[in-house]
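1. below is the sequence, then the predicted model.
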Amino acid sequence: MKGAGALVGLALAAIAAAHLFLPLGPVLALHRSDPATAELLLTQLRLPSTLLALGYGAVLGMSGAALQAVFANPLASPDITGGSSGAALGAVLAAYWFEVSGPIALAACGGAGALVALALLLTLAGRNAAGATLLLAGLAISLAAGAATSLVLALAPSPFAFYDSFEWLMGSLVDRSLPQAATALVPAAFCCLLLLARSRALDLMALGEDVLASLGYRPRRIAIEVVALSAIAVGACVSVCGAIGFVGLIAPYAGRLVTRGHPGRALLPSAAIGGALLLLADLAVRFGPAGRTIPVGVLTTVAGTPLFVWIVVRMRARVAA
Amino acid sequence: MTPVLDVRGASIPARLRSTALRLDAGELVAVIGPNGGGKTSLLRGCSGIDGSAESITVAGEDLRAASPARRSHLLGYLPASRDAVWPISVRDVVALGLAVPDARRVDALISSLELESLAGRAVDRLSTGERARVLLARVLAPNPMVLLLDEPLSNLDPYWVLRLLGLLRGIADGGVAVAVALHDIERMTAFDRALLVDGGEIRADLSPSAMLAGREFARAFRIERAAAGWRLSSPAGRRSSP
């Protein structure tokens, strides 16, 4: 088990290094002519984006796994439940209407937006909602939050609001600074540690809430804590990088394959897989057409949709069986 | 003799009136009552899952002050729900009952509930009756001193009903207090004591034979003995509707 963990850590480090250094050609060329600028490129431009890809992916994986455990539903990821769109709405509202510009304040507004969306989901669908109910309630919330975000941008005092927020809205990790990365990742890491402390309880939740309560845990409180921690972690990342879809759905699914179905034990593997996925997706986007940047969120959504459909079909098969 | 389980003033708003319950070591107790009468609420209230209680002690130890690991040794609660969402293997579900991994204990339970051929299968793909046995094995795993089991016999075929009654008798003989919510009143004769729960309170606490002959039983269930089995009781004998 320790050996496997070390191996996964090494693989993750290798992917992160690839993300940091590739494509290598321009870096080497620059290093020959101007070593100081090359160093700056790596530490000021590439490093924040590598840290964000790793950290944001890990946050999506872990919070997705925790939300799925609490809702007892493999479709309950931060994006599909409306959490990410709520965070985007919160950040846009703060930035364009209330002229909030400090990254920490923006992150707080993102977290608040996600929290409102997830709280709405809890009241709309209930925590023990059937798969379809949860999905529909989440869909309604993300559509409403998406429309509200567009409305806020359309009516914003700045006429360029739509234009300059497009790339951010689609989910992008480029051109972020180290302080920005820290704003997103420090609170997120803190929340992830608190989520990890609940992994045994989330494993036992697989036996039902009454069993969990009979062992002295408080299922309702754990659920609220998990929802709040996930919202803060995802909200902080969204406020810096925009909403990135489907990583929070795919990573926990793969994470549970590693832990043979246990939802709580899957938190850490899901985080590792989420980090790796987002690093790879962002790396792939770099090799797109020259001169154009494809937002990484577009790629994850395009790649993730087939898996989403597959999970829905599998759930339908089980209900029918 | 001091009871193993001693519950005082357990109540759940709108479901369970303030109730005291004492179970002795070695007792196999049937909890019966009409639908919605409060069998599940009684078991949940006495497990400290829902509502409030003045005190719940197991062998003199405060249940609600115990750590989760300790609590699993004091009292085991089996809910009536057989739902399983995650594709966890049968062996792993049984192991979830143990705070400290113990492969031999898991093996012993798997063999006593004849789950060997299912051990590697995902629990969400089993039949309801098979899942019932797996979930029972989970609650038995930590050897709790008190077992509160909600409908452990439903969904089981006749072989397994008899096997489980024998198994529970063996566990009770080992000094465990076992309370079982039952739907099939014909099974009551296999128990030492019967509690009739109706209207959110314990209406009668008798031996099974006295219970079957008693007026409280006929009134709560609105049935009476007939030549072959049971029939609906005559309107005069039925509880007047509120």
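-> Sure thing, it's come through. For clarity, every value in this text was computed on a predicted model and none was experimentally measured.
2. which SSE is residue B:166 in?
-> helix B:158-173 (DSSP states H and E).
3. just give the closest residue to residue A:244, not the sequence neighbours.
-> residue A:171 (3.9 Å; CB to CB, 6 or more residues apart in numbering or on different chains). Glycine gets a C-beta too; all of them are placed from N, C-alpha and C.
4. on that earlier part again, residues making contact with the helix holding residue B:166?
-> Applying CB atoms under 8 Å, 6 or more residues apart in numbering or on different chains, the contact partners of helix B:158-173 are B:26-28, B:112-113, B:129, B:133, B:136, B:140, B:147, B:149, B:152-153, B:156, B:178, B:180, B:184, B:187, B:190, B:192.
5. residue B:4: how many residues sit nearby?
-> 22 (other CB atoms under 10 Å in any protein chain shown).
6. could you pull up phi and psi at it?
-> When read as degrees, to the nearest 10, the backbone of residue B:4 gives phi -70, psi -50.
7. partner residues bridging the closest residue to it other than its chain neighbours?
-> The shortest distance from residue B:4 to any non-neighbouring residue, by CB to CB, 6+ apart, is to residue B:177 (4.3 Å). Note on residue B:177: beta-bridge partners residue B:146, judged by DSSP bridges.
8. where does the residue most central in space within chain B land in three-state SS?
-> Note on chain B: the residue nearest the mean C-alpha position is residue B:149, at 2.1 Å, using CA atoms, centre = their mean. Secondary structure, DSSP: H, G, I helix; E, B strand; the rest coil: residue B:149 is strand.
9. contact residues of chain B facing chain A?
-> B:44, B:47-50, B:64, B:66-68, B:71-72, B:75-79, B:81, B:83-89, B:92-93, B:96, B:122, B:124, B:135, B:138-139 (CB under 8 Å from any CB of the partner chain).
10. surely the residue nearest to residue B:4 meets residue B:147?
-> Yes - the pair residue B:177 and residue B:147 passes the contact test of CB atoms under 8 Å, sitting 7.3 Å apart.
11. pull the contacting residues for the residue nearest to the centre of chain B.
-> B:43, B:76, B:77, B:78, B:136, B:139, B:168, B:178, B:179, B:180, B:181.
12. can you add neighbour count and secondary structure and give these back as CSV?
-> CSV is the format used below for the contacts of residue B:149 (neighbours: other CB atoms under 10 Å in any protein chain shown; DSSP: H, G, I helix; E, B strand; the rest coil):
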residue, neighbour count, secondary structure
B:43, 27, helix
B:76, 27, strand
B:77, 25, strand
B:78, 27, strand
B:136, 24, helix
B:139, 23, helix
B:168, 22, helix
B:178, 23, strand
B:179, 24, strand
B:180, 26, strand
B:181, 24, strand
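13. out of the residues you listed, who's nearest chain A?
-> Nearest to chain A among these is residue B:77, at 3.7 Å by CB to the nearest CB.
14. ok, back up a step: what is the burial count for the residue nearest to residue A:244?
-> Neighbour tally, residue A:171, other CB under 10 Å: 28.
15. quick one: it and chain B, what's the gap?
-> 29 Å (CB to the nearest CB, to the nearest Å).
16. look up the pLDDT of that residue for me, please.
-> If you check residue A:171, the pLDDT there is 77.
17. direction included, what does the helix or strand bottoming out on mean pLDDT in chain B pair against?
-> One helix or strand of chain B scores below all others by mean pLDDT, DSSP states H and E: strand B:223-226, with a mean of 78. In the sheet, strand B:223-226 lines up against strand B:229-232 (antiparallel) (DSSP bridges).
18. pLDDT at the residue nearest to residue B:4, what is it?
-> Residue B:177 is assigned a predicted lDDT (pLDDT) of 94.
19. residues touching it, list them.
-> By CB under 8 Å, 6+ apart, the neighbours of residue B:177 are B:3, B:4, B:5, B:23, B:24, B:25, B:26, B:27, B:29, B:145, B:146, B:147.
20. looking at those, spot the one nearest residue A:139.
-> Closest approach between the contacts of residue B:177 and residue A:139, by CB to CB: residue B:147, at 43.3 Å.
21. how about stretch B:224-238: buried residues?
-> residue B:233 (16 or more other CB atoms under 10 Å in any protein chain shown).
22. next one: it to chain centre, how far?
-> 27 Å (CA atoms, centre = their mean, to the nearest Å).
23. list of residues touching that stretch?
-> Stretch B:224-238 is contacted by residues B:212, B:218, B:219, B:222, B:223 when judged by CB under 8 Å, 6+ apart.
24. bridged to residue B:150, which residues?
-> Beta-bridge partners, per DSSP bridges, of residue B:150: residue B:181.
25. what residues does chain A have near chain B?
-> A:72-74, A:203-204, A:206-208, A:210-211, A:213-217, A:256, A:260-263, A:318.
26. any quick PyMOL command for the buried ones out of the residues you listed?
-> Filtering those down to the buried ones (16+ other CB under 10 Å) takes a single PyMOL command:
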select buried, chain A and resi 72+73+74+203+204+206+207+208+210+211+213+214+215+216+217+256+260+261+262+263
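27. which of the residues of chain A next to chain B fall in helices?
-> A:203, A:204, A:210, A:211, A:213, A:214, A:256, A:318 (DSSP state H).
28. what's the lowest-pLDDT member of those?
-> residue A:318 (60).
29. residue boundaries of the helices in chain B?
-> B:39-46, B:68-74, B:90-96, B:103-112, B:128-140, B:158-173, B:208-213, B:215-221.
30. can you tell me which residues contact the closest residue to chain B within the stretch 101-250 of chain A?
-> At 3.7 Å from chain B, residue A:214 is the closest residue in the stretch 101-250 of chain A, using CB to the nearest CB. Applying CB under 8 Å, 6+ apart to residue A:214 gives the contacts B:47, B:48, B:49, B:71, B:75, B:76, B:77.
31. that one - nearest residue in space that isn't next to it in sequence?
-> residue B:77 (3.7 Å).
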